[in-house]
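Q: below is the structure, and that's it, no one-letter string:
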């Protein structure tokens, strides 16, 4: 599961996945999307991000979840 725009480095943000070249965690981007923020609002909050970075965060999360075992109970 290689993602060109996502970095995971134990020296950056404690190893959380971040948008490459930034210290912006993928989680932050996803939480903003989940709260209903538009792409434009996220990009305004984080001028170093691009639309492709936001899409990469979504793709990374989808791939991560696709590899998870589901437990029903």
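A: Noted; the coordinates are in hand. As the structure is a prediction and not an experimental result, all values here were calculated from the model.

Q: for the helix or strand of the chain with the lowest mean pLDDT, name the packing helices and strands.
A: Every helix and strand of the chain was ranked by mean pLDDT, DSSP states H and E. The lowest is helix 51-66, at a mean of 94. Counting contacts by 3 or more C-beta pairs under 8 Å, 6 or more residues apart in numbering; DSSP states H and E, helix 51-66 is packed against strand 6-7, strand 18-19, helix 26-34, helix 39-45. Every C-beta, even on glycine, is put in place using the N, C-alpha and C of the backbone.

Q: what's the average pLDDT for the longest one?
A: For helix 26-34, the per-residue pLDDT values average out at 98.

Q: so what's the most centrally placed residue in the chain up against?
A: What sits nearest the mean C-alpha location of the chain, by C-alpha atoms, centre = their mean, is residue 26, with 2.3 Å. Applying C-beta atoms under 8 Å, 6 or more residues apart in numbering, we find residue 26 in contact with 6, 16, 17, 18, 19, 57, 60, 61.

Q: so which of these is the most crowded?
A: Each of the contacts of residue 26 was scored by neighbours using other C-beta atoms under 10 Å; the highest score is residue 57's, at 27 neighbours.

Q: and for that residue, nearest residue in space, chain neighbours not counted?
A: residue 29 (4.1 Å; C-beta to C-beta, 6 or more residues apart in numbering).
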